[in-house]
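Novice: Pasted the sequence and its predicted model underneath.
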Amino acid sequence: MSKLFDPISLRSITVPNRIWMSPMCTYSAAAEGPLTGLPTDWHLTHLASRAAGGAGLIMVEATAVRADGRISPWDLGLWNTEQQNAFMRITQAISALGAVPAIQLAHAGRKASTDRPWLTGRHLSSQQGGWQTVGPSALPYDDAPAPHELTTAEIKGLVDDFARAAERALAAGFKAVEIHGAHGYLINSFLSHHTNLRIDEYGGSFENRIRFALEITKAVREVWSADLPLLFRVSATDWLTENAEDPREGWTSEDTVRLASILADHGVDLIDTSTGGNVPDADIPTGLGYQVEFADAVKNKAKVPAAAVGLIVHPEQADEVLAQGRADVIFMGRQLLRDPYWPRRAATLLGLEARWPVQYGYAVAHHHSGKPVASDVTAAEPALIGS
């Protein structure tokens, strides 16, 4: 029996299956003017199509809690009411299509102010529409300029920015929120002593380096509904310490297990377990399911619900991860870009009944009896989706 299509409940929310859409930046919002950071028709179509395709939870891409926290000028944002209101049609569409709307809140830190990846992907100067980046220490990422080292007062302000963004996410109709603590962005750069060179209460010891992440988690949990789940995405390793040929030390899987337990005590319901992104020249041994072991460690050592992500592309592969008890859900990224209807096809390949939106199901396939295939949702009227 496939576990991939078993529902899963987190607090009051029940997600209809274990195939969840990863947050993936599309760099398609307005970069300036009154529409800065607002989701567009592109975002609506992109996200709603994966909900129609059968993913159980749709995670909106990294959404900046303040303007200088964007990875690029074309990122989404949630630092004002206009952005909040624009997200409402996104949450309505995802919900109407039977999926759970979720959003990832982020600050890019020293990796902010970059060009679109399909252009140069490089740091943008102020003359090119970029800005001064910030970080725990004045340590540049790759060949970008050094970031401004945050003061204690500025750190406190950023904690508040995350909380205010979470309030707006709730008002916009999201049913789950994820704190982005991975991939070398601001929170991740505080966690790792490879990038955190501070000597105050936010640097040095493990307890000090996780302080910023915990303060954000506490602040978000306080304003986020107690009935709704809070997720935390972590880079489980910098891929330094685990590499015997690399003398540098960084954040490790053991650190992640330790952090996961503490985050759970502070109201986090699931750890979204990725890796890397903090050290540009780290040697990352990629391959099918190469990050599953880290989700496994969180789930079975920290005893915290965990999501696996990263080159999980085959239905049998995804189902096996769950059947072996190595993760609770599967976050899928690029595979859903290639095939928005992967979940529907996966059900058929695993010998289950593919459940389509009623508007598609009657035309896509029929039972041998000639009756339409089962449907799990009636898609919303266009007026609702576009309202």
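Specialist: Perfect, I can see it now. Numbering: from 1, shown residues only.
Novice: so what does the longest helix anywhere in the chain touch, helix or strand wise?
Specialist: With secondary structure taken from DSSP state H, the chain has its longest helix at helix 152-172. If contacts are counted by 3 or more CB pairs under 8 Å, 6 or more residues apart in numbering; DSSP states H and E, helix 152-172 sits against helix 81-96, strand 100-106, strand 176-181, helix 211-223. All C-beta spots, glycine's among them, are computed from the backbone N, C-alpha and C.
Novice: Residue 357: which of these is closest?
Specialist: Residue 357 lies closest, by CB to CB, to one member of those: helix 81-96, at 10.0 Å.
Novice: Test of understanding: give the bridge partners of residue 114.
Specialist: Beta-bridge partners for residue 114, by DSSP bridges, are residue 123.
Novice: wouldn't it be in contact with residue 70 here?
Specialist: No. Here residue 114 does not reach residue 70: they are 9.1 Å apart, not a contact under CB atoms under 8 Å.
Novice: Between those two, which is the more surrounded one?
Specialist: Shown here are residue 114 and residue 70; by other CB atoms under 10 Å, residue 70 has more neighbours (29 against 23).
Novice: What separation do you get for the more buried one and residue 304?
Specialist: From residue 70 across to residue 304, the span is 30 Å (CB to CB, to the nearest Å).
Novice: packing partners for the helix or strand containing residue 363?
Specialist: Residue 363 is part of helix 358-364, with elements assigned from DSSP states H and E. Packing contacts for helix 358-364, counted by 3+ CB pairs under 8 Å, 6+ apart, involve strand 375-377.
Novice: avg pLDDT for the strand it packs on?
Specialist: Here strand 375-377 scores 55 as its mean pLDDT.
Novice: And for stretch 236-252?
Specialist: Per-residue pLDDT over stretch 236-252 has a mean of 93.
Novice: May I see the buried residues of it?
Specialist: Neighbour counts over stretch 236-252 (16 or more other CB atoms under 10 Å) mark 236, 237, 238, 239, 240, 241, 243, 246, 250, 251, 252 as buried.
Novice: end to end, how far does it reach?
Specialist: Its first and final residues considered, stretch 236-252 spans 6 Å by CA to CA, to the nearest Å.
Novice: So what's the gap between that stretch and the chain middle?
Specialist: 23 Å (CA atoms, centre = their mean, to the nearest Å).
Novice: One more: stretch 210-220?
Specialist: 17 Å.
Novice: before we move on, what about stretch 123-143?
Specialist: Worked out by CA atoms, centre = their mean, stretch 123-143 lies 23 Å from the chain centre.
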